[in-house]
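Asker: Predicted model and sequence below, questions to follow.
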Amino acid sequence: MKNILITLLVAAMFSGQAQSFKDKLQKKKDSLEKAAKEKLNAGSNNGAPKLTNEEVIKGLKEALSVGTNSASSLAGKTDGFLKNTRLFIPWPEEAKDMKAKLITMGFAKKINEFETSLNRAAEQAALKAAPVFIDAITNMSVADGFAILKGADTSATSFLRKTTSQPLYDKFLPIVKDAVNSVKVTSYWNPLATTYNKLPGVKKQNPDLDDYVTRRAINGLMILIADEEVNIRKNPMARVSDLLKKVFGS
């Protein structure tokens with residue numbers, strides 16, 4: 001009988017210890033799970049309010065608006081194209097043989113004047129470019145917006161270039177034509193073309209200067225818009241509104 005009592009006491013003691021150990025393990029597990037949830041919540045919030053779909057789209061459109069306005073202003077300054085090696089519009093590539101021949105004939109100064117006129121036309125047109133770009137970004141979808149937000153530093157500019165190139169061209173061409181007429185591009189071109197086309201055995205040259213300047217001007221503006229987009233993404237000081245701070249700060 002005594003042995004039975006001792007056995008029961010020992011079993012009860014180990015049972016109590018096992019239950020105590022089990023309780024401690026459960027408490028430890030609960031504590032770890034709680035800490036993990038708190039960490040996850042802190043990481044997901046990161047001190048920033050959650051963005052709505054509408055805010056993302058509005059923020060990206062605003063960023064593009066800021067970028068296009070700034071690009072238009074920079075490119076539209078005197079020498080904005082002419083003295084910027086990334087934007088400079090050179091003699092048309094299709095007429096390079098004509099240029100080489102005219103230089104040997106002593107027309108280098110006239111060629112420089114013509115190239116200057118091309119860039120002056122682009123500068124004038126750039127001053128009126130911003131509304132054309134703004135109108136072109138109004139149909140951005142939610143899917144486009146989140147892809148751009150999570151994409152590369154110039155994703156918005158790439159989207160603008162890819163989806164609006166033809167509408168931009170159509171709307172920008174008349175602006176360029178006015179600028180080409182204003183700075184008298186053809187008055188610099190015609191004497192050169194007339195002289196060259198009179199030479200025996202040469203292929204007659206008459207490039208579409210309006211088309212050439214339009215495409216080069218749009219490309220130059222896109223380069224500057226990309227610069228502005230990168231700046232907004234990387235530089236908090238460039239986020240000039242609360243919405244831009246919220247979208248790109250998160």
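Answerer: Yep, that arrived.
Asker: Enumerate the helices of the protein by residue range, in sequence order.
Answerer: Ranges of helices in the chain, per DSSP state H, are 2-45, 53-75, 96-104, 108-126, 130-136, 142-149, 155-182, 185-197, 209-234, 242-249.
Asker: Residue 184 against residue 117, yeah?
Answerer: Yes - Residue 184 is within contact range of residue 117, at 6.7 Å (criterion: C-beta atoms under 8 Å). All C-beta spots, glycine's among them, are computed from the backbone N, C-alpha and C.
Asker: Comparing the two, which residue is more hemmed in?
Answerer: Taking other C-beta atoms under 10 Å, residue 184 and residue 117 do not tie; residue 117 has more neighbours (23 against 13).
Asker: Poorly predicted segments of this protein, please.
Answerer: 1-49, 250 (pLDDT under 70).
Asker: Now with 50, please.
Answerer: Along the chain, segments meeting pLDDT under 50 span 5, 8-12, 14, 18, 21, 32-33, 35-45.
Asker: Spatially, which residue comes closest to the residue most central in space within it, not counting chain neighbours?
Answerer: The geometric centre of the chain, computed from its C-alpha atoms, lies nearest to residue 157 (C-alpha atoms, centre = their mean), at 2.9 Å. Excluding the flanking residues, the one nearest residue 157 by C-beta to C-beta, 6 or more residues apart in numbering is residue 226, at 4.2 Å.
Asker: How much space separates that neighbour from residue 165?
Answerer: 15 Å (C-beta to C-beta, to the nearest Å).
Asker: Look at these two and report which has more neighbours.
Answerer: The neighbour count for residue 226 versus residue 165, taken as other C-beta under 10 Å, is higher for residue 226 (20 against 15).
Asker: so who does residue 91 touch?
Answerer: Neighbouring residues of residue 91 by C-beta atoms under 8 Å, 6 or more residues apart in numbering: 99, 111, 114-115.
Asker: returning to what we had before: quick one, which of the helices of the chain is nearest to residue 90?
Answerer: Nearest to residue 90 among these is helix 108-126 (6.2 Å), distances taken as C-beta to C-beta.
Asker: Give me the helices and strands touching that closest one, please.
Answerer: Helices and strands touching helix 108-126, by 3 or more C-beta pairs under 8 Å, 6 or more residues apart in numbering; DSSP states H and E, are helix 53-75, helix 96-104, helix 155-182, helix 185-197, helix 209-234.
Asker: In TSV, list those helices along with distance to residue 122.
Answerer: Shown next, in TSV, are these (distance: least, C-beta to C-beta, whole Å):
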stretch	distance to residue 122
helix 53-75	7
helix 96-104	19
helix 155-182	7
helix 185-197	10
helix 209-234	4
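Asker: Let me know which of those helices is the nearest to residue 144.
Answerer: helix 155-182 (6.2 Å).
Asker: would TSV of the helices of the chain with distance to residue 81 be doable?
Answerer: Formatted as TSV, these follow (distance: least, C-beta to C-beta, whole Å):
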stretch	distance to residue 81
helix 2-45	46
helix 53-75	6
helix 96-104	19
helix 108-126	4
helix 130-136	16
helix 142-149	27
helix 155-182	11
helix 185-197	13
helix 209-234	6
helix 242-249	28
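Asker: quick one on the thing from earlier: my guess is the residue nearest to the centre of the chain contacts residue 229, does it?
Answerer: Yes - look at residue 157 against residue 229 with C-beta under 8 Å: they come within range, at 5.2 Å.
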